[in-house]
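# mind looking at a prediction? Sequence and model below.
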Amino acid sequence: MVGRKKKGRLGNLWTGLALIAVVLLWTAPAVGPGMIAIVSAFLVLYCLFLAPTWCCATTRKNDFCRNNASGILLGCHLQQHKWQKLKMAFLQQRPVEALRRMLSNMSGIATSLSAAAGTVSAGVATVTLLTR
């Protein structure tokens, strides 16, 4: 049991450290926008597919699934939950519900904010790289 708790805390720590690294790269004058875009893209990919969060898929009792999941887009160990979360993210009228469920806990909020910051950072760095 101790290993699981430690792994979850380390995962949340990596999310925060990756976000801090992106912010620090923007303040370092020696780092170019290409490196910032690459690190930001890795941050977004990590948040979408690897960061530890709750599953939050709909159960048969119409509750949130509280199993551990990897990333915002992937569900828990149940195959149906993996497909359900992917469908929620891309079908019409369902992204709002998926966002509401993801923001229902602290790890989901941290992961979502890190993914949004990474997306904005990668976009700005790419535009800066292309306009130089």
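All right, it came through fine. Numbering: from 1, shown residues only.

# going forward, measure contacts between C-alpha atoms and count neighbours the same way
Noted.

# does the residue nearest the centre of the chain count as helix, strand or coil?
What sits nearest the mean C-alpha location of the chain, by CA atoms, centre = their mean, is residue 47, with 2.4 Å. Assigned by DSSP: H, G, I helix; E, B strand; the rest coil, the conformation of residue 47 is helix.

# shouldn't it be in contact with residue 72?
Yes: the pair residue 47 and residue 72 passes the contact test of CA atoms under 8 Å, sitting 6.4 Å apart.

# which residues do these two both contact?
Shared contacts of residue 47 and residue 72 (CA atoms under 8 Å, 6 or more residues apart in numbering): 111-112.

# what's the end-to-end length of stretch 90-106?
Taking CA to CA, to the nearest Å, stretch 90-106 runs 23 Å from one end to the other.

# now tell me what touches it from outside.
For stretch 90-106, contacts defined as CA under 8 Å, 6+ apart pick out 54, 56, 64, 72, 85, 87-89, 108-109, 112.
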